[in-house]
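[1] any chance you can model this:
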Amino acid sequence: MYDKLRLGVLVSGGGTNLQSILDACEAGKIDAEVAVVISDKAEAYALERATKHDVPGVFLGVGRNDTPEYLAADEQQVAVLREHEVGLVCMAGYMRKAGPAMMQAFADRMLNIHPALLPAFPGVEVQWHAVEYGVRVSGCTVHFADEEFDRGPIIIQAAVPVLQADDGEALAKRILRQEHRIYPQAIQWFAEGRLRIEGRQVVVEGAGDGTWSDGGLISPALELDL
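    Numbering: from 1, shown residues only. Prediction:
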């Protein structure tokens with residue numbers, strides 16, 4: 001039995017959200033530890049980040065969605081997560097759909113971060129889409145993952161202004177800073193047992209009513225613990 005919640009982090013790229021989670025765990029800001037990092041890309045820098053923090057890093061090629069290779073890899077992911085006794089799966093820049101075995105094994109125990117204010121702009125390259133559309137406010141969302149991309153119940157969001165001179169890259173960098181704030185917070189709430197799903201709503205126990213805002217952060221009515 002472990003004293004802290006054990007995290008399995010799924011990644012596809014550089015892993016800056018993974019880094020923010022590792023740093024928050026090591027600083028004692030999250031009552032959790034990263035137990036394993038799994039990537040669908042062998043060259044993902046996130047695997048190197050895991051190595052630097054003495055965390056096992058595993059490459060599992062996934063294949064195209066819904067193929068036999070994809071379903072086999074889905075089963076392998078579950079086996080790796082169970083081997084490392086993971087209690088919460090965190091998708092952090094993971095560009096693949098979670099498979100049926102994963103969804104069954106970790107129902108209501110999978111989080112995802114998305115660089116837009118869902119339900120607006122699901123999918124990929126959404127920062128560029130937001131700029132092209134002409135929105136004045138964008139941001140990021142941490143939500144429970146389910147069978148469909150970017151639609152699970154929302155836990156916390158951070159609002160980020162879209163400036164006149166922004167291109168997608170500039171907006172993406174500004175949003176990323178907020179991602180690094182709210183993802184560790186959502187994980188900490190989960191670790192504290194404070195998240196309860198009621199239909200489309202996520203209740204944060206002890207949060208009270210209303211919202212609290214600071215620097216564009218939108219959350220339940222309590223101050224961030226980080």
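
[2] every contact and neighbour count from this point should use C-alpha atoms.
    Fine.

[3] need the helix or strand of the chain with the lowest average pLDDT.
    The helix or strand of the chain with the lowest confidence, counting by mean pLDDT, DSSP states H and E, is strand 211-214 at a mean of 44.

[4] what's the following helix or strand after the helix ranked longest in the chain?
    The longest helix of the chain (DSSP state H) is helix 168-191. Counting by DSSP states H and E, the next helix or strand C-terminal to helix 168-191 is strand 195-198.

[5] for that following strand, list every residue counted as buried.
    Neighbour counts using 16 or more other C-alpha atoms under 10 Å place Leu195 of strand 195-198 among the buried residues.

[6] go on, stretch 96-115?
    Under the neighbour-count criterion of 16+ other C-alpha under 10 Å, stretch 96-115 has 96-99, 101-103, 106, 108-115 buried.

[7] farthest-separated two in these?
    Between any two of the buried residues of stretch 96-115, the greatest separation by C-alpha to C-alpha is 25.9 Å, found for Ala101 and Pro115.

[8] residues contacting Ala35?
    By C-alpha atoms under 8 Å, 6 or more residues apart in numbering, the contact list for Ala35 reads 6-8, 55-56, 84-86.

[9] change it to 7 Å
    Ala35 makes contact with 6-8, 55, 84, 86, according to C-alpha atoms under 7 Å, 6 or more residues apart in numbering.

[10] make a markdown table from these and add pLDDT, neighbour count and secondary structure to it.
    Output for the contacts of Ala35, formatted as a markdown table (pLDDT from 0 to 100; neighbours: other C-alpha atoms under 10 Å; DSSP: H, G, I helix; E, B strand; the rest coil):
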| residue | pLDDT | neighbour count | secondary structure |
| --- | --- | --- | --- |
| Arg6 | 98 | 21 | strand |
| Leu7 | 98 | 23 | strand |
| Gly8 | 98 | 24 | strand |
| Val55 | 98 | 17 | coil |
| His84 | 98 | 16 | coil |
| Val86 | 98 | 21 | coil |
